[in-house]
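K.L.:
Sequence first, then the predicted structure:
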Amino acid sequence: MGVAEKVNGMTPLEVLGEAWLRLSRRARRTIRPLTVKYSSPSISDAELDSHLNIGRRVDLLAYFKKRVYPRFCGGLAEIGRSSELLIELFPHTASQVVWEADEIEKRRFFIFGREYQLDGEIDWHRDFSTGARWPLEHYTRVPIIHRQAGADVKVPWELNRLQHFSALGIAYNVTQMEKYAEDFSRQLNSWAQSNPVEFGVNWTCAMEAALRAINLAMSFFLFRGSETFDEKLLRTLLKLLLEHGRFIRRNLEFSYRATSNHYLSDLAGLLFIGVLFPEFKQSRRWAQFALRELLREMDKQINEDGTDYEASISYHRFVLELLLHCFVLCKVNGIALPDRYWERLRRMFEFVRCYLKPDGTAPLIGDSDDGRVIIWKTRLPIDHSYLLPIAAVLFEDEDFKRESWLCEEGLWLFGESGIEIFNDLPRTNKQARSQAFPRGGIYIQRERDLYAIIDCGDNGIYGRGSHGHNDLLSFELYADHRTFLIDPGTYVYTADRDWRNRFRSTCYHNGVMVDGEEINHIDERAIFALAADAEAKVNVWQSNTRYDLFDGEHNAYARLSNPVVHRRVMRFDALEGFWLLTDKFSGRGAHRFDFFFNFDVGLDVQLFSDGVVIAGDEGATALALIPLQRAQLKREIVERFVSRVYGCKERSQGVVFSIEAAVPFENSFLLIPYKRGDEGKLERICSTDFSVATE
């Protein structure tokens, strides 16, 4: 990325500030390793005591075990009752979490959908999938990308977020068996010994430290009632929290050019430490700074329509979880937040309500690394349904109420009062409707069990594209309990650049490629950047009881020697239940056009001699993909992959229609979900004159 691109949109003062940040960070990487000595633990008991604002003669253990405030959340404030309600209302989940805790005690971990059986002590610096190990050196000298092929830093990072402590803690409170607290104690001491502050791969990213700090803070509330939680364990935990707070404050992932979920995570970590452990002398400053910056970042990163500006559905969920837990933390501890931020948070939940498919799963638009803040319950990464009952209680709004019970996450966040609020809300069965989110570039067409989501936004973060894909004018399509046309997801980040770039390429999305060129240029070396070659705009969005009409375009191919503008019109007939997809190209010259349709895993895709494609499984519904200019198009079934879980991919199929034509040129497809045996629907729709609809 050139200098001009780096300073684009920045004021002269911000340019100077950014230069100062870069110089100071470079100096820190040079000087800091010389001033920090390797030691374990890094903080002595005497140093810890000097940082605590409590009397020297106070019984430290008794003080922390008995204190009532501050509170982590409603469910942990009345943890005994919450555990009883979990067994009563969610007996399967209670059994599941005990099973998970038993597996953890046996050193069997499930990371990114894979099972790892460890022998002996946990090696906190190892990627268990490849065996690669990161060195125990100062974090400024530890490379994130390992030299061993296929090694992925996210594997050790995921384990070192310590989110599995919630399973141990809940299992302890459900069963009152000390073995879970004892395992927590062993792991906490092991982690502290193996990860001296600022040394090793688990200190290379402040975000990772911040998420770990939130889960460390939570573990205090989960385990402090156990006999195993003695003063030695308490001191170890307090030292870690103090070290994490100091580290995060020194290594904030702030930039005048662009901030992201990383900086939000840093601030959330500081806020949790600052609010929950006011005994630290630095806590008040940390909490005040973090809250002030968090609200400023909310103004910057959350669009007015409630969408996250990183152009990723998965990261929208992650950022929403960050803000949700911070807002709940403030609410239960009497910290008032301006109403406009609560309203912005509400809009984020409203976006979730609209983007969820009828089965409660989320589309895979943009990057996904399965990131969560706290894992109150193990779920598939695409399951975002639990967010709606949380919103129902948080805002006391029946529009978000879908299930008969508050979800497990809501039980822990709100406690018994949350159950009462949820049950008192009337059940409206109000269905999400078609809706546009213009700032996020997301347009949703839906009626009953038919659903399509269209992407017509920028790359995210003002075009920087760190988590965006080449999915402009691409869409997902769902009908009758399953997804037919799908966004492929992410698969991996640093572990394999080729696969990383393949999953974010134009051909892996349901869009159009001109002359074999990517919509936005992909630099093979810059795995978290995407060129901002395309400007998108929406010409028309109409939605009524009869139809939804999306009409958008982009100019990515205006950079060609013979420029082309791609316009896509997607009309959803809500009464008949089908889509008419029309692509129009203006400009000059002759070009090759490739139209990509990528199908979900488990579908049998059949391509007939007349160009018609039928995709289906053992279910009652199939999808007919019918080109209206079928005689002119070449067609081919191609291999594709879908990644619903980070690091895992499943084989699927796609169909490519190709043609060489001079512009102006247009091409149309019918997308018709139909019940098997009801081929009359296909005949009736195909006999319609669509010449007016495509004008």
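P.N.:
Looks like it came in fine. Numbering: from 1, shown residues only.
K.L.:
Could you list which residues are in contact with P358?
P.N.:
Remark: with contacts taken as Cβ atoms under 8 Å, 6 or more residues apart in numbering, P358 is in contact with 446, 448-449, 451, 478, 481. Yep, even glycine has a C-beta here, placed from its N, CA and C like the rest.
K.L.:
which one of those sits closest to E660?
P.N.:
Closest approach between the contacts of P358 and E660, by Cβ to Cβ: Y478, at 32.8 Å.
K.L.:
ok, what's across the strand from the nearest residue to that closest one once chain neighbours are set aside?
P.N.:
Leaving aside its chain neighbours, Y478 sits nearest to Y451 (4.1 Å; criterion: Cβ to Cβ, 6 or more residues apart in numbering). For Y451, the beta-bridge partners under DSSP bridges are R446, Y478.
K.L.:
what about the closest residue to A556 other than its chain neighbours, distance to G150?
P.N.:
Using Cβ to Cβ, 6+ apart and skipping the chain neighbours, the partner closest in space to A556 is A534 (3.5 Å). For A534, the distance to G150 equals 32 Å [Cβ to Cβ, to the nearest Å].
K.L.:
for E666, same thing?
P.N.:
Noted for E666: a distance of 44 Å to G150, by Cβ to Cβ.
K.L.:
The two: which has the busier surroundings?
P.N.:
Here E666 and G150 are compared on neighbour count by other Cβ atoms under 10 Å; more neighbours surround E666, at 16 against 13.
K.L.:
where do the helices sit along the stretch 351-500 of the chain?
P.N.:
Counting by DSSP state H, counting those that start in this stretch, the stretch 351-500 of the chain has helices at residues 387-394, 408-414, 416-424, 497-503.
K.L.:
quick one: which of these is nearest V58?
P.N.:
Among the helices of the stretch 351-500 of the chain, the nearest to V58 by Cβ to Cβ is helix 408-414 (30.0 Å).
K.L.:
Give me the packing partners of the closest one, helices and strands only.
P.N.:
helix 74-77, helix 79-89, helix 313-332, helix 387-394, helix 416-424 (3 or more Cβ pairs under 8 Å, 6 or more residues apart in numbering; DSSP states H and E).
K.L.:
can you do 10 Å?
P.N.:
helix 74-77, helix 79-89, helix 91-105, helix 165-175, helix 313-332, helix 387-394, helix 416-424 (3 or more Cβ pairs under 10 Å, 6 or more residues apart in numbering; DSSP states H and E).
K.L.:
Give me the pLDDT value at the closest residue to S42 other than its chain neighbours.
P.N.:
Nearest residue to S42, sequence neighbours excluded (Cβ to Cβ, 6+ apart): V197, at 4.4 Å. pLDDT, the model's per-residue confidence, is 95 for V197.
K.L.:
what comes up buried for stretch 420-434?
P.N.:
421-422, 425, 432, 434 (16 or more other Cβ atoms under 10 Å).
K.L.:
Out of the residues you listed, flag the one nearest to L168.
P.N.:
Looking at those and their distance to L168, the nearest is F422, at 27.3 Å (Cβ to Cβ).
K.L.:
Leaving out sequence neighbours, find the closest residue to that closest one.
P.N.:
Counting by Cβ to Cβ, 6+ apart, the nearest residue to F422 once its immediate chain neighbours are dropped is L406, at 4.1 Å.
K.L.:
How about the contacts made by the one you found?
P.N.:
Shown in contact with L406 (Cβ atoms under 10 Å, 6 or more residues apart in numbering): 85, 89-90, 386, 389-390, 392-393, 413-414, 418-423, 425.
K.L.:
hang on, the earlier thing: which SSE is the residue nearest to A556 in?
P.N.:
A534 belongs to no helix or strand when elements are defined using DSSP states H and E.
K.L.:
With pLDDT added, can I get the buried residues of stretch 420-434 in CSV?
P.N.:
Formatted as CSV, these follow (pLDDT from 0 to 100):
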residue, pLDDT
I421, 96
F422, 96
L425, 95
A432, 87
S434, 96
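K.L.:
List the contacts of the residue lying closest to S166 once chain neighbours are set aside.
P.N.:
When the adjacent residues along the chain are set aside, S166 lies closest to I375, with 5.6 Å between them (Cβ to Cβ, 6+ apart). For I375, the set of contacting residues under the criterion of Cβ under 10 Å, 6+ apart consists of 100, 161, 163-167, 215, 409.
K.L.:
okay, I375: pLDDT?
P.N.:
97.
K.L.:
With I214 as the reference, measure out to it.
P.N.:
For I375, the distance to I214 - Cβ to Cβ - is 11 Å.
K.L.:
Common neighbours of those two, please.
P.N.:
Contact with both I375 and I214 is made by residues 161, 163, according to Cβ under 10 Å, 6+ apart.
K.L.:
S687: neighbour count?
P.N.:
7.
K.L.:
so the residue nearest to S42 sits right up against L241, yeah?
P.N.:
No - here V197 lies out of contact with L241, judged by Cβ atoms under 10 Å, at a distance of 11.5 Å.
K.L.:
contacting residues for S129?
P.N.:
Counting by Cβ under 10 Å, 6+ apart, the residues that S129 touches are 111-112, 114, 116, 150-152, 155, 495, 647.
K.L.:
In the chain, which strand is the longest?
P.N.:
Across the chain, the longest stretch assigned as strand under DSSP state E is strand 650-662.
K.L.:
Show the backbone phi and psi for the nearest residue to V201 once chain neighbours are set aside.
P.N.:
The spatially closest residue to V201, leaving aside those adjacent along the chain, is W134, at 3.7 Å (Cβ to Cβ, 6+ apart). The phi and psi torsions at W134 (degrees, to the nearest 10) take the values phi -90, psi 150.
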